[in-house]
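Trainee: predicted model follows, preceded by the sequence.
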Amino acid sequence: MAYEERIARLQEQGVLTQAQAERLANSLSEKPREERDSRRPAGQYLLWTLVTGLLLLALYAAVGTDSGPPQIQDVRTSLNQPQEIGDMGKALTGGVSVALFVGIPLLALLIWFTWIYNSLVSREEEVLKAWAQVESNYQRRADLIPNILETVQKYMRFEKETLAGVVGERAKAMTGREPFGEQDAAAFRATVEEISKAQEASAAEMKGIVRAPQDEAQLARLYAAQQKLGSAMRRILAISENYPVLRSADQMLTLEAELEGSENRINVARMRFNEAAAEFNASMRRMPASLVASTGGFTRKAYFQADTGANKAVKLEFE
Amino acid sequence: MHVPSAAGLSTVPLLLVLAAAFLVVAAGGVYVYRPSISSVVEDDAGLIDPGQAEQLTTYCKAILDAYDIDLRIATSADGRDVNLFAARKFEAMKVGSHSHTGRGALFVVDPASDQVRLEVGRSLEGVYVDAFVKYIEERQMVPFFQADRVTDGILATIELIAGRAKEAVEGKAFDPARVTRFEKSTGAGAVSPAQISAGYRRPGSGVKADVVVPGGPLAVVDAYHRAMEAGNARSDLDIYTPATREMMARWVVTPAQMRNVASTYRKCPNRREKIGGDHAVVRYGVRQRQCSPYFLQRGQDGAWRLDLTQMSDTIGFNHRNEWHFSGPVPSGYSFAFDDWRFDQRGFPHPGRVGR
């Protein structure tokens, strides 16, 4: 079932307020960009530049030599006389020498520039790919929100209805706690509010990132919003600890494993993004690549600054 | 000075090159990939002895041959984040590179942090989803780890991996595309507390042995399946012979094994009981290779009981979970198989020629 339908149904059931439903629907619809504007390798441009340059040089070499009608050379006039520089050296010191002494270094320079530029493009592409993975894993976790809310509230409702038929003390004896109370409901509602706000804030930050993050502060805000979202989603699952039927439901166990898996994928994707960004930034700062980077418009990429314990997996057990 | 002729200079090296090329091509024609133990098992924590490493390598090779899945095992003495360690180790060991289709998975056991993780490669994510991995870790592997049997836990889990692979092949769930480049893992899989040497907790040990001998052999087998379905692994059930009870008390029985027994036999048709004196066999269709027969003995009280001891001594399973006799057909029960013949490996076939 599409997440829009789930959200609409959760709103009908009173699990989500209208504002929460709108926040979630808008933020979940912001899927990661499949295609990005990526920098085109310099090869094509530089190849045409090279070809044009070589043609011009060839033309110059041709024009610079004696372009008269071909004739048999009269060696008597061509041979150098004493104290005289004859015609034999003229063509070489003209166009061909320009081609040799200017064209070849220019060609070498262009090849070198192309090579450096393309290696920077490749490294930047790695950063973009790594960032796309981070985005898609954030999205993967966000897509679990409607499912988790629906499952938790369904079983909470079931327990409430089941236990409502059992008189107070007996119900408490059966479950070791008070039947579904207002306190649990309030905790559930507060966490839902937190999830919807964190998801909205996270989606807004993601929207502001073009290609790959370059602003450390923006990345830190996104990270904080995502941490808040993950923590709230885990708290919703923790509510299930109070409900034995919910705790043992296969659907719930699957959701828990999926959430745990999403968290780990996010950690791995973040690690790979940081590695790719570090490699790109280092290669961009090294001489002489830094000259090419500054003329090619390459900019430094931001890193995730993980807080302590950020990589710890969610502790979930099948009992 | 002697100057060799141009022909002399070129002919000898040319022949050598041609001979070398021939050897390479000929070797390529008969080459069969055999992963070395060191490429399959990396035991930095010293949990696995050489014999066990060889056993694991053999089993992993069988899975590679049957399902093109490249399974590896690594233990870590690191004690830090097992999830990130697994992702890096997957990359370092190039897990999946032994497979033509890039299918790979890596077991990581870290006794220092007491965690186990199965890292699943990209091309297997759709078949071994996180929830399944979590399930086989916690309900199959960890009970063996609790009993301090790490290698047995991994082997038992590989059996479930093979079972799922078989289903995936039948349901065409695998991506058959060849993968020519190594792919890093994305962090798929699951992590669980390993609980190594924490003490095995027998499932259902709190439940009273309420499964009593209800009647004939078929009824006893039904009672056994009900016990398995209910997760009752007590060794003192009345449906077991005294020898079976002793053996069961030493066995590690996992929730996944019990669920597997219950779900497998639910799909086993053509059930039939054969009685010969105080012995009985409940067997299934000869082509139902996953439905092994049950052996029963009649006690002095006249009640039929399951003889799991004899079954465990004589019946084995291959990596496809197909049963076969690992030796001669046990004499006390051979009467029940006189209309079947057994091949050299002990697999049953219809026909009367005895083994």
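Mentor: Noted; the coordinates are in hand.
Trainee: how close does the residue in the stretch 201-350 of chain B positioned nearest to chain A get to B:S312?
Mentor: Relative to chain A, the nearest point of the stretch 201-350 of chain B is B:P255 (8.6 Å; C-beta to the nearest C-beta). Every residue, glycine included, has its C-beta placed from N, CA and C. As for B:P255, its distance to B:S312 is 19 Å (criterion: C-beta to C-beta, to the nearest Å).
Trainee: looking at those two, which is more packed in?
Mentor: B:P255 (19 against 15; other C-beta atoms under 10 Å in any protein chain shown).
Trainee: low-confidence ranges, chain B, go.
Mentor: B:1-37, B:206-210, B:213, B:353-355 (pLDDT under 70).
Trainee: where does chain A dip in pLDDT?
Mentor: In chain A (pLDDT under 70), the answer is A:1, A:29-50, A:57, A:60-95, A:157-181, A:244-249, A:306-319.
Trainee: those helices in it, which residues are they?
Mentor: A:3-12, A:18-28, A:43-64, A:75-78, A:90-91, A:97-98, A:104-142, A:144-164, A:168-175, A:182-207, A:216-239, A:244-248, A:250-285, A:289-296 (DSSP state H).
Trainee: tabulate these (a markdown table), appending mean neighbour count and distance to chain B.
Mentor: Shown next, in a markdown table, are the helices of chain A (neighbours: other C-beta atoms under 10 Å in any protein chain shown; distance: least, C-beta to the nearest C-beta, whole Å):
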| stretch | mean neighbour count | distance to chain B |
| --- | --- | --- |
| helix A:3-12 | 16 | 19 |
| helix A:18-28 | 18 | 21 |
| helix A:43-64 | 13 | 22 |
| helix A:75-78 | 9 | 39 |
| helix A:90-91 | 14 | 39 |
| helix A:97-98 | 14 | 40 |
| helix A:104-142 | 18 | 7 |
| helix A:144-164 | 19 | 11 |
| helix A:168-175 | 12 | 18 |
| helix A:182-207 | 18 | 19 |
| helix A:216-239 | 18 | 14 |
| helix A:244-248 | 16 | 12 |
| helix A:250-285 | 21 | 3 |
| helix A:289-296 | 16 | 26 |
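Trainee: in JSON lines, list these along with distance to B:D65.
Mentor: Listed next are the helices of chain A as JSON lines, based on distance: least, C-beta to C-beta, whole Å:
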{"stretch": "helix A:3-12", "distance to B:D65": "42"}
{"stretch": "helix A:18-28", "distance to B:D65": "44"}
{"stretch": "helix A:43-64", "distance to B:D65": "44"}
{"stretch": "helix A:75-78", "distance to B:D65": "80"}
{"stretch": "helix A:90-91", "distance to B:D65": "72"}
{"stretch": "helix A:97-98", "distance to B:D65": "67"}
{"stretch": "helix A:104-142", "distance to B:D65": "33"}
{"stretch": "helix A:144-164", "distance to B:D65": "37"}
{"stretch": "helix A:168-175", "distance to B:D65": "51"}
{"stretch": "helix A:182-207", "distance to B:D65": "45"}
{"stretch": "helix A:216-239", "distance to B:D65": "41"}
{"stretch": "helix A:244-248", "distance to B:D65": "39"}
{"stretch": "helix A:250-285", "distance to B:D65": "29"}
{"stretch": "helix A:289-296", "distance to B:D65": "48"}
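Trainee: between the ones you listed, which one is closest to B:A86.
Mentor: Proximity to B:A86, assessed across the helices of chain A by C-beta to C-beta, is greatest for helix A:250-285 (9.1 Å).
Trainee: tell me where the stretch 51-200 of chain B has helices.
Mentor: B:82-92, B:130-136, B:142-146, B:150-170 (DSSP state H, counting those that start in this stretch).
Trainee: so the shortest one, near chain A or not?
Mentor: No. Counting by C-beta under 8 Å from any C-beta of the partner chain, chain A has no neighbours in helix B:142-146; the shortest distance is 9.4 Å.
Trainee: and if you look at the last one?
Mentor: No. In terms of C-beta under 8 Å from any C-beta, no part of helix B:150-170 sits within range of chain A; the closest distance is 14.3 Å.
Trainee: mind listing what's buried along that helix?
Mentor: Neighbour-count burial for helix B:150-170 flags B:150-166, B:168 (criterion: 16 or more other C-beta atoms under 10 Å in any protein chain shown).
Trainee: by contact count, what packs against that helix?
Mentor: helix B:50-67, strand B:70-75, strand B:104-110, helix B:130-136, helix B:142-146, helix B:255-266 (3 or more C-beta pairs under 8 Å, 6 or more residues apart in numbering or on different chains; DSSP states H and E).
Trainee: can you say which of these is nearest to B:R298?
Mentor: helix B:255-266 (22.1 Å).
Trainee: helices and strands around the helix or strand following the closest one, which ones?
Mentor: Sequence order places strand B:272-276 as the next helix or strand after helix B:255-266, per DSSP states H and E. Taking 3+ C-beta pairs under 8 Å, 6+ apart as contact, the helices and strands that strand B:272-276 lies on are helix B:217-229, strand B:279-283.
Trainee: and A:E275, how close does it get to B:A249?
Mentor: 51 Å.
Trainee: which residues of the stretch 1-150 of chain B lie near chain A?
Mentor: Counting by C-beta under 8 Å from any C-beta, the stretch 1-150 of chain B sits next to chain A at B:D81, B:N83, B:L84, B:A87, B:D130, B:A131, B:V133, B:K134, B:Y135, B:E138, B:R139.
Trainee: contacting residues for the residue lying closest to B:R320 once chain neighbours are set aside?
Mentor: In this structure, B:R320 finds its nearest non-sequential neighbour in B:K166, 6.0 Å apart by C-beta to C-beta, 6 or more residues apart in numbering or on different chains. For B:K166, the contact set (C-beta atoms under 8 Å, 6 or more residues apart in numbering or on different chains) comprises B:Y67, B:R320, B:N321.
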